[in-house]
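S.K.: Structure for the following, please:
(2 chains)
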Amino acid sequence: MTARTLKYSINSTLINTIAFSGIVILVILTVFIIKEATPALTNVGAELFTSVYWYPTNSYDPEFGLLAMLIGSLYITGLTSLFVLPLGYIIAFFLFEYASPTEVRVIKSAIDLLSGVPSVIIGAFMLVYVAPLTFKFGIYTPENILIASLGLTILSLPYTASLMQEAMQSVDRSLKEGALALGSTRFTAGFKVVSRAAISGILNAVILTVNRIIGETMVVLMVAGGAAIIPRSLFDPAKPLTATIASEMGEVAQGSVHYSVLFFCGLILLIFSFLLTITARVIITKNKHV
Amino acid sequence: MVETTKEPVIQVKDFSGFYGEKVGVKDITVGFEKNKITAIIGPSGCGKSTLLRSINRMNDEIPIYKTQGKILFEGQNVYSKEINLTHFRKKVGMVFQRPTPFPMSIYENIAFGPKLHGTKKKTDLDEIVENSLRQASLFNEVKDDLKKSAWGLSGGQQQRLCIARALAVDPEVILLDEPTSALDPIATKHIENLVEELVSTYTIIIVTHNLAQAVRISDYMVYMFQGDLVEYGQTSAIVKQPADPRTEEYLTGKVS
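M.R.: Okay, the predicted model is just below:
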């Protein structure tokens, strides 16, 4: 064996081992969560999805209904997406189509800095400065879905905007020029041609964003209110799945039904994430050749 | 210089273009004749694409690009503030080095321009699409696949699609920026034949680094070197007897 083939085989073994261990860890994690969550299904069953009552620590008649939390999670994710996705696209579009190189540099660095802000800081900011404003509008609780969604918007907007901008930037410049050469405005070229060519990247950004919002914990833990009720308006508090796990996992008796139900919450989140990722993959392969 | 009696369609006057500090083209004065093919030739980096892309102001897309002088189209300076780029670019179409089909169907690709300029009726659009594809001698190859994605066509077909797309808005001038450099010889032949047919209706300016191609198809020739216009004249005359030693060096292959 020559030195070169030796080096090659060492390199490839090393890379394979590292790549493989990543997969192994993922599999172990999934198996672990499923194992811990299964007792919830056998002990509580369908009530997990049908009951809105969450009294896990009631020693006489504990209730483990996840419906309120599930709806809370979806409500907050939906509302945040409604804010973030259009805004992110508008920012990306502006950066791609209208901003001068200097503007792009300044805005991009601002975005990068903002995306580095820890979520706990954004949570604290919302809690201390923004949430109290709700009293002025006669809203009965300062911690509610709207405030949580705004916090999540601040948190994920930089991420969404830069993903979408990269998607548009990766489209060959000649395509935009082709549209301009026919007399189209920058807006039409960007909206009808470039965005269409970048559609798989943009949809991928959408899915990654939604995935991130649904899994975000700190902001919702701090400002969503933490009440396990089915929200009836934007100004009602909610208790998303992530916040439930974070706030209760530390105090729960290991091996109890409550413990297992919390893992079941985790499993639900994992399944969402999995489905979103699969959707992203399907969209990308479908749109490879529009 | 060849004296011509007719007013040229596009008149470039003392035109210079700069990329920041760097000179792209300098002090160019040249006229492009109606219903003729003018080839702009020269070694890489001589400014031939810069000149072409300055005519329809495509170089505006490069933020650091600055210009001096005038380019007149129908007597109006295309760099004046009053010009309406949308209307102007409708009259001066462009086809690029690499085919740039839009991510939509073949039909939508052709209809894109006319729709932009206000053609709404389906029957009108159908007619424009068919005529443009026929003019670009592509219709027979794609007539059953108009609803299919244009990205599925071959390179040569895509380039003819781009020519058809440019024709669909009824231009007067067509700028071709090395339109065959990404194509195989047969597809190239196809495009060359097409260009020779189109010149009866349109004025054509083509940038090419393929000297043989320029000699084959062009009526007039512009030779550029390091941003300067070295020589302009009838292709047959220049090829026979170049006036400038720099042109001769290029024609004989000493510079490329």
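S.K.: what sits up against the least confident helix or strand in chain A by mean pLDDT?
M.R.: Ranked by mean pLDDT, DSSP states H and E, the weakest helix or strand in chain A is helix A:133-136, scoring a mean of 86. Defining contact as Cβ atoms under 8 Å, 6 or more residues apart in numbering or on different chains, one finds that helix A:133-136 is touched by A:141-142, A:144, A:146-147, A:235. Just so you know, the C-beta spots here come from the backbone N, C-alpha and C atoms, and that holds for glycine as well.
S.K.: ditto for stretch B:175-194
M.R.: By Cβ under 8 Å, 6+ apart, the residues outside stretch B:175-194 that reach it are B:49, B:52-53, B:55-56, B:92-99, B:136-137, B:154-156, B:159-160, B:163, B:195, B:204-210, B:213, B:216-217.
S.K.: Likewise for stretch B:91-99?
M.R.: By Cβ under 8 Å, 6+ apart, the list of residues contacting stretch B:91-99 from outside reads A:172, A:174, A:177-178, A:181-182, B:10, B:55-56, B:58, B:73-74, B:155, B:158-159, B:161-163, B:166-167, B:169, B:171-179, B:181-182.
S.K.: Among the contacts of stretch B:175-194, which ones are in helices?
M.R.: By the criterion of DSSP state H, membership of the contacts of stretch B:175-194 in helices covers B:49, B:52-53, B:55, B:155-156, B:159-160, B:163, B:195, B:213, B:216-217.
S.K.: what about the helices in the stretch 101-250 of chain A?
M.R.: Counting by DSSP state H, counting those that start in this stretch, the stretch 101-250 of chain A has helices at residues A:101-115, A:119-125, A:133-136, A:145-169, A:173-181, A:186-188, A:195-197, A:199-215, A:218-223, A:241-248.
S.K.: and residue 173, what does it touch?
M.R.: All of this refers to chain A. Going by Cβ under 8 Å, 6+ apart, A:Arg173 touches B:Glu61.
S.K.: that's the wrong chain, I meant chain B
M.R.: By Cβ under 8 Å, 6+ apart, the contact set of B:Val173 is B:9-10, B:32, B:55, B:73, B:91-93, B:202-205.
S.K.: let's see 10 Å
M.R.: B:9-10, B:32, B:34, B:55-56, B:73, B:91-94, B:202-205 (Cβ atoms under 10 Å, 6 or more residues apart in numbering or on different chains).
S.K.: May I have the beta-bridge partners of it?
M.R.: B:Val92, B:Thr203 (DSSP bridges).
S.K.: Next one: it relative to B:Val9, how far apart?
M.R.: As judged by Cβ to Cβ, to the nearest Å, B:Val173 and B:Val9 stand 6 Å apart.
S.K.: Which neighbours do those two have in common?
M.R.: B:32, B:34, B:73, B:91-92, B:202-203, B:205.
S.K.: Closest one to A:Ala99 out of those residues, please.
M.R.: B:Val92 (27.3 Å; Cβ to Cβ).
S.K.: what separates the least confident helix or strand of chain A from the chain centre, distance-wise?
M.R.: Between the centre of helix A:133-136 and the centre of its chain there are 28 Å (Cα atoms, centre = their mean, to the nearest Å).
S.K.: just to revisit the earlier point, of the contacts of helix A:133-136, list those near chain B.
M.R.: Applying Cβ under 10 Å from any Cβ of the partner chain to these, one finds that nothing falls near chain B.
S.K.: looking at those residues, which has the most residues close by?
M.R.: A:Ile147 (28 neighbours; other Cβ atoms under 10 Å in any protein chain shown).
S.K.: How about the contacts made by that one?
M.R.: So A:Ile147 contacts A:126-127, A:130-134, A:139, A:141, A:219-220, A:222-225, A:234-235, A:237 (Cβ under 10 Å, 6+ apart).
S.K.: Burial check on residue 53, number of neighbours?
M.R.: Reading this off chain A. Count around A:Tyr53 with other Cβ under 10 Å applied: 16.
S.K.: my bad, the chain I had in mind was chain B
M.R.: Residues near B:Arg53, counting by other Cβ under 10 Å: 24.
S.K.: got a list of what the closest residue to it other than its chain neighbours touches?
M.R.: Nearest residue to B:Arg53, sequence neighbours excluded (Cβ to Cβ, 6 or more residues apart in numbering or on different chains): B:Asn59, at 4.4 Å. By Cβ under 10 Å, 6+ apart, B:Asn59 lies in contact with B:17, B:19, B:24, B:49-53, B:65-67.
S.K.: tell me which element the residue sitting nearest the centre point of chain B falls in.
M.R.: Nearest residue to the geometric centre of chain B (Cα atoms, centre = their mean): B:Leu175, 1.5 Å. Secondary structure from DSSP states H and E places B:Leu175 in strand B:173-177.
S.K.: how about low-confidence regions in chain B?
M.R.: Scanning chain B for pLDDT under 70 picks out the ranges B:1-5, B:256.
S.K.: Can you show me the strands along it?
M.R.: For chain B, the strands defined by DSSP state E occupy B:10-19, B:22-32, B:37-41, B:65-73, B:76-77, B:92-95, B:173-177, B:203-207, B:220-225, B:228-234.
S.K.: Now restrict the contacts of B:Asn59 to buried residues only.
M.R.: Buried by 16 or more other Cβ atoms under 10 Å in any protein chain shown: B:17, B:24, B:49-53, B:65, B:67, out of the contacts of B:Asn59.
S.K.: Just send these back as CSV, with distance to A:Asn43 too.
M.R.: Formatted as CSV, the buried ones among the contacts of B:Asn59 follow (distance: Cβ to Cβ, whole Å):
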residue, distance to A:Asn43
B:Gly17, 77
B:Gly24, 76
B:Ser49, 73
B:Thr50, 75
B:Leu51, 79
B:Leu52, 75
B:Arg53, 72
B:Tyr65, 71
B:Thr67, 77
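S.K.: Tell me which two of these sit farthest apart.
M.R.: Pairwise over those, using Cβ to Cβ, the maximum falls at B:Ser49 and B:Thr67, 14.6 Å.
S.K.: returning to what we had before: wait, which of the contacts of B:Asn59 is closest to A:Leu152?
M.R.: Looking across the contacts of B:Asn59 and measuring by Cβ to Cβ, the closest to A:Leu152 is B:Tyr65, at 41.9 Å.
S.K.: from what I can see the closest one touches B:Gly17, true?
M.R.: Yes: between B:Tyr65 and B:Gly17 there is a contact at 6.4 Å, judged by Cβ atoms under 10 Å.
S.K.: got any residues that touch both of the two?
M.R.: By Cβ under 10 Å, 6+ apart, the residues touching both B:Tyr65 and B:Gly17 are B:24, B:50, B:53-54, B:59.
S.K.: ok, the residues you listed vs A:Thr77, which is closest?
M.R.: B:Asn59 (45.3 Å).
S.K.: I'd like to know how far that closest one sits from chain A.
M.R.: Taking Cβ to the nearest Cβ, to the nearest Å as the measure, B:Asn59 falls 10 Å from chain A.
S.K.: how about the residues of the stretch 1-150 of chain B that lie near chain A?
M.R.: For the stretch 1-150 of chain B, the residues in contact with chain A (Cβ under 10 Å from any Cβ) are B:53, B:56-58, B:60-61, B:63-64, B:84-105, B:108-109, B:112-117, B:149-150.
S.K.: Excluding chain neighbours, what is closest to residue 221?
M.R.: All of this is about chain A. A:Ala243 (4.2 Å).
S.K.: ah, I was thinking of chain B
M.R.: Closest residue to B:Met221 apart from its sequence neighbours, by Cβ to Cβ, 6+ apart: B:Thr235 at 4.4 Å.
S.K.: How about the contacts made by the one you found?
M.R.: Counting by Cβ under 10 Å, 6+ apart, B:Thr235 touches B:36-39, B:41, B:214-222.
S.K.: What separation is there between the closest residue in space to B:Gly20 that isn't next to it in sequence and B:Gly17?
M.R.: Using Cβ to Cβ, 6+ apart and skipping residues adjacent in sequence, the residue nearest B:Gly20 is B:Ile64, 4.5 Å away. From B:Ile64 across to B:Gly17, the span is 11 Å (Cβ to Cβ).
S.K.: So for the helix ranked longest in chain A, mean pLDDT?
M.R.: Looking across chain A with DSSP H, the single longest helix is helix A:3-43. The average pLDDT for helix A:3-43 rounds to 92.
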